[in-house]
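In: Please work out how this folds:
(chains A, B, C and D)
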Protein chains: 2
Amino acid sequence: MARGSNRGRLVDVLRRQGPLPRVELARSTGLSFPAISGLTSRLIAEELLCETETAATSWSDDTDEEDADGLNGRRRGRPAVLLTLNPEFGRIIAISVRMNLIETLIADFRGSGLAQSRLALPTRALDAGALCDLMIAQINAMLEATATPRHQLLGIGIALQGMVNADTGRTLWSPALSITDVDLATPTRQAFGVEVVMANDAVAVALALTAAEPALAQGLSATIMVGHGIGMGVVVDGEARWGAGSEIGHVKLAPDGPQCRCGQRGCIEAYLADYALYRDARTFLDLPPADSQQPSEAQMALLRERALGGDPRLEHLFQQAGRALAEAVAATISVLRPHHVILAGPGLQAFDMMRHAYEERLEQAVLPWLLKSTAIYLRPSESAAIVDGMVLRTLRVVDRNHMEATE
Amino acid sequence: MARGSNRGRLVDVLRRQGPLPRVELARSTGLSFPAISGLTSRLIAEELLCETETAATSWSDDTDEEDADGLNGRRRGRPAVLLTLNPEFGRIIAISVRMNLIETLIADFRGSGLAQSRLALPTRALDAGALCDLMIAQINAMLEATATPRHQLLGIGIALQGMVNADTGRTLWSPALSITDVDLATPTRQAFGVEVVMANDAVAVALALTAAEPALAQGLSATIMVGHGIGMGVVVDGEARWGAGSEIGHVKLAPDGPQCRCGQRGCIEAYLADYALYRDARTFLDLPPADSQQPSEAQMALLRERALGGDPRLEHLFQQAGRALAEAVAATISVLRPHHVILAGPGLQAFDMMRHAYEERLEQAVLPWLLKSTAIYLRPSESAAIVDGMVLRTLRVVDRNHMEATE
DNA sequence: CCTATTAATTTCATCTTTCGAACTAAAGGG
DNA sequence: CCCTTTAGTTCGAAAGATGAAATTAATAGG
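Out: Just a heads-up that it's a prediction; the model follows:
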């Protein structure tokens, strides 16, 4: 019962570090060769792992590690056999629910996407039942499209723009929905009989981005997502600590600042989120009205274009947004002291217009030595990062459950 | 190499949950009876554990756990034999370095204090060498006072008011010292040949307070310490995550606010720390000058007394401090979403004078549902909490090292 | 083409840890 | 006194990990 956790560690190493030969697995896990040999052969028999065909070449390409080892395509001795998670072991579905859009992705056990769909519809018009039915229909459509039998489905992940209770998994509030405090996981779990994982969308993006760059997967990284709202996800050593994400968008900058969606005033979000920028711009510019308080991507693009045109009022608006972003980064650094801060999301497409005020304020707002010891990255990631990250998170949970079940 | 971690888990359970019978250890660790039996008998042979004499009575007293079990002093069957960490296994020294005070505590392996000393001296006049010499002298004095032979000393913990680099253990800056970026751990480690653990003082207090109440040891708790400066320590499931603590005291409330010690303006600390309150009060009140920018406890008591006298300018000052405290709590809750927030430190002795503004601002500054789901505790702990917490942290490290060494 | 060299992986005997089942120990209750 | 209850131990058996040595598969060099 309390032993055999090495299987799990082995799978975890493979999950993080991609295809590896057994030698490398022994090094990474600290286990002996015979132990690795035994474990892998059993995992291969279970069809959880498989050996990849083209071995040495792809390894020396992928691995740009410490010492000059894989310089030449082939070294002297017996070539290593690369092991990977068997993509055929099962499949995972990730769903991203956000303003007027439900995105679904089906991925294999290795995390590669097989098919996806984007369903645009007025999400705020849905009640809890309708939303669940819609998600179930989307999942079924994905299963059908990829000819996936029901028993191959291992888990479902739902990334939600909004606030999720970390302990219960309940959805507390979402700008994309008119319903509050609902349990979206349980109906889905009952419909398919598999694990359903809930997470905040910023957490999902944080996972996708940190997994994409090995440097970011080490230490504490905070990913601030700027878009319809302002979210943050914390990843420690490649693992999402709090599935619930952080509400940094609702840190207050001024007690009597602009109105925020949350009902309070002066939140960072009320300066920086796209709905706030668009709303404020419309008070002095002729712009088409936004659908249900939410400007579309095209509308935001139009706004940026106008700002580039040199309207001083718009420039001022984006400078204020830059200051708000700096405050968000400052609060994150001061409270968390992360090794890495990643700025992500569609809102960063306007970063050049915010940059000056952002940099100026950041220097005032963070202790210089603390700022110096924090690396800040700009990753204006595409929207698929949400479902990608959610696939990763769901796979981790599925891995863990499977290891516990098999003991 | 990769096995035998169960010894460690067993010791950890005993460290957290005090004296327990073997049955309970089996339940807590998930191991079988024979496994526990074997492990404990070996640990007893190593003198790391010991059986306590008075068994059943003290257990049913200490354990107010789930179901009605230990209601009556003695139950039916064979009485349980309680196991504890053997206090004689070795000793630990914890040192707290803060403004004009070096406090030292020597504790046994169970964490009970045996002797302590408080050395008042102008710490800012010390250079790195003098400080290390002083600490070494204090340690030697403690060893002598308790007749502790050198080989009995297992570890040393140094809690420092100020900023510590989590990765290297170097002291970056401390208000108590005029030196910056020094390594205090290595000279001490070399002098005694044992592990030296560095931590921020707020982290130490956080550990002491969360260990004292079982409810706080679960989930994520953030301890905000208000005193000479504003610090914060994060404890996750009873374990200090970042030894370095958080710099929440330097989150900015106003770009052109009052001058802070750190060189910047408008930090939370510049409104709330006792040096800031005293400094501002002296601009309109006749108060004795503070030693090296640091008011003494007596001076702060005098300040509070005057404020109670009804001076409206002083009242206003404390109300502003209350608002700053609310902003600190708000930022902590928004960024971390902790289960518990603990307010601690000598600065809270004036909490009643801050309360009104604090509560008012807190409601404006945090999302109502988030505030509702966070428990906030007031713990104006005495100064000994720093060394107490540092003993706990050092013991954890010593435990872990010992388990790895013994394998 | 053959053989030495190199490196990855497996085989084998051994050791440690853990577990299930049966057993002993110490109390209370009838 | 014997039964019941609860705590803890003893004893093979089984699982899991290890080091040393063997095996395998490739390259380099003659």
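In: For the strand or helix carrying A:Leu207, list every residue counted as buried.
Out: Here A:Leu207, judged by DSSP states H and E, is contained in helix A:201-212. Judged by neighbour count using 16 or more other C-beta atoms under 10 Å in any protein chain shown, the buried positions of helix A:201-212 are A:201-211. Where C-beta positions appear, they are placed from N, C-alpha and C, glycine not excepted.
In: Show me what it is packed against.
Out: strand A:91-98, strand A:153-160, strand A:220-226, strand A:230-236, strand A:239-240, strand A:340-344, helix A:384-406 (3 or more C-beta pairs under 8 Å, 6 or more residues apart in numbering or on different chains; DSSP states H and E).
In: Report the backbone C-alpha coordinates of it in PDB.
Out: These are the backbone C-alpha positions of helix A:201-212, laid out as PDB (Å, rounded to 0.1, in the frame of the first residue of the first chain):
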ATOM      1  CA  ASP A 201      -8.000  29.200 -17.000                       C
ATOM      2  CA  ALA A 202      -4.900  31.200 -15.900                       C
ATOM      3  CA  VAL A 203      -3.700  28.100 -14.100                       C
ATOM      4  CA  ALA A 204      -4.100  26.100 -17.300                       C
ATOM      5  CA  VAL A 205      -2.100  28.600 -19.300                       C
ATOM      6  CA  ALA A 206       0.500  28.800 -16.600                       C
ATOM      7  CA  LEU A 207       1.000  25.000 -16.900                       C
ATOM      8  CA  ALA A 208       1.200  25.100 -20.700                       C
ATOM      9  CA  LEU A 209       3.800  27.900 -20.700                       C
ATOM     10  CA  THR A 210       6.000  26.500 -18.000                       C
ATOM     11  CA  ALA A 211       5.900  23.000 -19.500                       C
ATOM     12  CA  ALA A 212       7.000  24.500 -22.900                       C
END
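In: That helix to strand A:230-236, inter-axis angle?
Out: Interaxial angle, helix A:201-212 versus strand A:230-236 (axes from the mean of the first three to the mean of the last three C-alpha atoms, to 10 degrees): 40 degrees.
In: now helix A:201-212: mean pLDDT?
Out: When pLDDT is averaged over helix A:201-212, the result is 95.
In: Quick one: distance of that helix to the chain centre.
Out: Relative to the chain's own centre, helix A:201-212 is displaced by 3 Å; criterion: C-alpha atoms, centre = their mean, to the nearest Å.
In: For the residue in the stretch 1-150 of chain A that DNA strand C sits nearest to, give me the pLDDT.
Out: As assessed by C-beta to the nearest atom of the strand, DNA strand C sits closest to A:Gly77 within the stretch 1-150 of chain A, at 1.7 Å. On the pLDDT scale, A:Gly77 is placed at 83.
In: That one: what secondary structure?
Out: Under the three-state scheme (DSSP: H, G, I helix; E, B strand; the rest coil), A:Gly77 adopts coil.
In: wait, which of the helices and strands packed on helix A:201-212 is closest to B:Leu31?
Out: helix A:384-406 (16.2 Å; C-beta to C-beta).
In: Do that closest one and chain B come into contact?
Out: No. Counting by C-beta under 8 Å from any C-beta of the partner chain, chain B has no neighbours in helix A:384-406; the shortest distance is 11.7 Å.
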